[in-house]
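Asks: Take a look and give me a structure for this.
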Amino acid sequence: MIVAVPLRVQGDGALTLLAATLTLMPGTVVMGFSADRRTLYAHAIGTPSAQAARAAIVRVEDRLLPFFPPRSPQRSAHDRRPLPRP
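Replies: Alright, predicted model coming up:
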(Lines give C-alpha, C1' and ligand atoms only; values in the text may rest on other atoms or scores of the structure.)
Protein backbone atom coordinates (compact mmCIF):
# COMPACT_ATOMS: atom_id res chain seq x y z
CA MET A 1 0.00 0.00 0.00
CA ILE A 2 1.06 3.59 -0.55
CA VAL A 3 0.74 5.98 2.37
CA ALA A 4 1.08 9.74 2.66
CA VAL A 5 2.57 11.00 5.92
CA PRO A 6 2.60 14.68 6.97
CA LEU A 7 6.11 15.62 8.10
CA ARG A 8 7.45 17.73 10.92
CA VAL A 9 11.15 17.53 10.01
CA GLN A 10 12.49 20.17 7.64
CA GLY A 11 15.61 20.66 5.59
CA ASP A 12 17.55 18.64 3.08
CA GLY A 13 19.62 16.75 5.63
CA ALA A 14 16.68 15.72 7.78
CA LEU A 15 14.55 14.65 4.82
CA THR A 16 17.42 12.67 3.27
CA LEU A 17 18.21 10.90 6.54
CA LEU A 18 14.54 10.11 7.14
CA ALA A 19 14.08 8.72 3.62
CA ALA A 20 17.27 6.64 3.82
CA THR A 21 16.37 5.25 7.24
CA LEU A 22 12.83 4.34 6.19
CA THR A 23 14.04 2.68 3.00
CA LEU A 24 16.36 0.48 5.09
CA MET A 25 13.36 -0.79 7.05
CA PRO A 26 12.11 -4.12 5.67
CA GLY A 27 8.96 -3.67 3.60
CA THR A 28 9.21 0.12 3.26
CA VAL A 29 10.41 2.18 0.31
CA VAL A 30 10.19 5.97 0.23
CA MET A 31 8.77 7.09 -3.11
CA GLY A 32 9.29 10.82 -2.68
CA PHE A 33 7.98 14.03 -1.19
CA SER A 34 5.25 16.48 -2.10
CA ALA A 35 6.24 19.64 -3.97
CA ASP A 36 6.20 21.64 -0.72
CA ARG A 37 8.19 18.86 1.04
CA ARG A 38 5.68 18.61 3.86
CA THR A 39 4.38 15.15 2.94
CA LEU A 40 6.30 11.90 2.46
CA TYR A 41 4.97 9.15 0.20
CA ALA A 42 6.04 5.60 0.99
CA HIS A 43 5.20 2.12 -0.24
CA ALA A 44 4.77 -0.24 2.69
CA ILE A 45 4.13 -3.97 2.68
CA GLY A 46 3.71 -6.34 5.59
CA THR A 47 1.81 -3.89 7.79
CA PRO A 48 -1.77 -4.63 8.80
CA SER A 49 -3.11 -1.20 7.80
CA ALA A 50 -2.20 2.20 6.39
CA GLN A 51 -2.53 3.61 9.89
CA ALA A 52 0.08 1.14 11.20
CA ALA A 53 2.45 2.04 8.35
CA ARG A 54 2.06 5.76 9.09
CA ALA A 55 2.62 5.14 12.80
CA ALA A 56 5.90 3.30 12.06
CA ILE A 57 7.11 6.20 9.91
CA VAL A 58 6.15 8.76 12.57
CA ARG A 59 8.10 6.77 15.19
CA VAL A 60 11.26 7.07 13.07
CA GLU A 61 10.60 10.78 12.53
CA ASP A 62 10.16 11.21 16.30
CA ARG A 63 13.69 9.90 16.83
CA LEU A 64 15.15 12.36 14.31
CA LEU A 65 13.37 15.49 15.57
CA PRO A 66 15.77 16.20 18.48
CA PHE A 67 18.66 16.37 15.98
CA PHE A 68 16.84 18.52 13.41
CA PRO A 69 14.84 21.21 15.20
CA PRO A 70 12.40 23.22 13.06
CA ARG A 71 13.82 26.35 11.49
CA SER A 72 12.87 29.73 12.84
CA PRO A 73 10.27 31.36 10.57
CA GLN A 74 12.21 34.65 10.57
CA ARG A 75 15.26 33.16 8.79
CA SER A 76 15.42 31.47 5.42
CA ALA A 77 17.52 28.37 4.78
CA HIS A 78 19.97 30.47 2.76
CA ASP A 79 20.47 33.20 5.37
CA ARG A 80 23.90 32.44 6.84
CA ARG A 81 24.30 35.65 8.82
CA PRO A 82 24.83 35.12 12.56
CA LEU A 83 21.90 35.76 14.82
CA PRO A 84 22.09 38.99 16.84
CA ARG A 85 23.14 38.60 20.44
CA PRO A 86 20.63 39.63 23.12
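
Asks: And the residue lying closest to Leu17 once chain neighbours are set aside, how far from Leu22?
Replies: Spatial nearest neighbour of Leu17, excluding adjacent residues (CB to CB, 6 or more residues apart in numbering): Leu64 at 6.3 Å. Placement of C-beta: from N, CA and C, glycine included. For Leu64, the distance to Leu22 equals 10 Å [CB to CB, to the nearest Å].

Asks: Let me know the secondary structure of Pro26.
Replies: The three-state label given to Pro26 by DSSP: H, G, I helix; E, B strand; the rest coil is coil.

Asks: max-length helix in this structure?
Replies: helix 50-64 (DSSP state H).

Asks: mean confidence score for that one?
Replies: Average pLDDT, helix 50-64: 95.

Asks: cool, and stretch 34-44?
Replies: 95.

Asks: The chain should start at 359 in everything you say after this.
Replies: Okay, residue one is now 359; in that scheme the one you just asked about reads as stretch 392-402.

Asks: Strands of the chain, residue ranges please.
Replies: Along the chain, counting by DSSP state E, strands occupy 360-364, 386-391, 397-402.

Asks: okay, the ones you listed in CSV with mean neighbour count next?
Replies: Formatted as CSV, the strands of the chain follow (neighbours: other CB atoms under 10 Å):
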stretch, mean neighbour count
strand 360-364, 15
strand 386-391, 16
strand 397-402, 18
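
Asks: returning to what we had before: I am assuming the residue nearest to Leu375 contacts Ala378, so please confirm or correct that.
Replies: No. Between Leu422 and Ala378 there is no contact under CB atoms under 8 Å: 10.9 Å.

Asks: rewinding a little: any idea of the angle the longest helix of the chain forms with strand 397-402?
Replies: 120 degrees (axes from the mean of the first three to the mean of the last three CA atoms, to 10 degrees).

Asks: dump the residue contacts of Met359.
Replies: Taking CB atoms under 8 Å, 6 or more residues apart in numbering, we find Met359 in contact with His401, Ala402, Ile403, Thr405, Ala408, Ala411.

Asks: Model confidence at it, what's the number?
Replies: For Met359, pLDDT reads 93.
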